[in-house]
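Student: can you look at this prediction? I've put the sequence above it.
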Amino acid sequence: MNIVIITGASSGIGREFVRRMDRSFDSIDQFWLVARSRDKLTELADGMRHKSRIFAIDVTSNMQLERLETAVKKSNAKVRMLINCAGYGIMGAFAEQNRKSETGMIRLNCEALTNITHRMIPYMRRGSRIIQLASSAAFMPQTDFAVYAASKAYVLRFSQALGEELRERGIYVTSVCPGPVDTPFFDIAEQTGRTLAIKKYTMVQPDKVVEKALRDSLHRRTMSVYSLPIKGVEVLAKIVPHHLALKCMQKMKI
């Protein structure tokens with residue numbers, strides 16, 4: 001049985017991956033939808049044409065990820081794609097934030113992603129693919145977004161190295177690095193701070209990001225960056241010294 005596993009499937013970019021792939025991936029037998037909200041996952045699954053299986057779990061729990069891995073093993077399933085979209089961000093000065101929320105970002109964005117990826121690789125075969133949701137925030141450090149940007153830098157670098165390690169096995173890894181996307185992400189992120197106004201001008205729709213991500217994954221590209229402005233940010237991050245970029249961000253807040 002060929003399956004796709006999508007974490008963070010209940011909303012935002014994760015949900016968009018489910019909807020788009022459900023329409024076009026006929027070689028998949030089942031979609032396994034992973035998120036904490038059973039109600040949202042059930043509503044999503046009810047509208048799908050593919051068979052699906054719901055895992056209403058917290059991916060930061062090692063015990064609950066054990067349940068997911070056991071289900072894969074017992075089903076004798078082949079993981080054709082693993083798409084890790086679970087994550088969140090918190091804006092605002094680091095020293096003023098809730099410690100649990102800040103460390104929780106690291107647990108979800110980094111540790112959980114690493115854990116589930118390591119668990120699923122043994123059930124992949126040649127031609128399987130991994131999509132990791134990073135962010136354009138991974139390109140450079142960001143004030144008032146310090147932990148989130150650092151966590152996404154981890155996702156990007158981890159994915160690049162992992163992709164090279166798995167290449168000989170025929171398993172391909174793509175890290176997706178969008179800028180601001182019109183999803184509920186900012187409902188959480190802006191509870192304690194505000195993003196720079198200029199970022200809102202680069203806001204894009206999730207379907208466009210997902211469409212390009214799937215295309216780039218199909219072509220075995222290591223990174224997927226949607227929109228010219230964000231591609232420009234990627235180039236600038238390689239040219240401009242990061243300490244100067246950080247000073248500019250601080251001045252833009254004044």
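Tutor: Received it, and whenever you're ready, just let me know what you need. Residues are numbered from 1 along each chain as shown.

Student: now do Q64 against M48, distance only.
Tutor: Taking Cβ to Cβ, to the nearest Å as the measure, Q64 falls 23 Å from M48. All C-beta spots, glycine's among them, are computed from the backbone N, C-alpha and C.

Student: check S101 too.
Tutor: 33 Å.

Student: likewise for S227?
Tutor: 28 Å.

Student: next: M140.
Tutor: 38 Å.

Student: more neighbours: these two, which one.
Tutor: Comparing M140 with M48 by other Cβ atoms under 10 Å, the one with more neighbours is M140, at 19 against 15.

Student: the nearest residue to that one once chain neighbours are set aside in helix, strand or coil?
Tutor: Nearest residue to M140, sequence neighbours excluded (Cβ to Cβ, 6 or more residues apart in numbering): A237, at 4.5 Å. Here A237 is recorded as helix under DSSP: H, G, I helix; E, B strand; the rest coil.

Student: name the helices or strands packed onto the longest helix seen in the chain?
Tutor: Assignment by DSSP state H gives helix 146-166 as the longest helix of the chain. Contacts defined by 3 or more Cβ pairs under 8 Å, 6 or more residues apart in numbering; DSSP states H and E place helix 146-166 against helix 99-106, helix 113-120, strand 129-133, strand 172-176.

Student: for the stretch 1-150 of the chain, what spans make up the strands?
Tutor: 2-7, 30-35, 51-56, 78-84, 129-133 (DSSP state E, counting those that start in this stretch).

Student: mind listing residues that contact the last one?
Tutor: When contacts are taken as Cβ atoms under 8 Å, 6 or more residues apart in numbering, the neighbours of strand 129-133 outside the stretch itself are 8, 13-14, 17, 80-85, 87, 113, 117, 124, 155, 158-159, 162-163, 166, 171-176, 213-214, 217.
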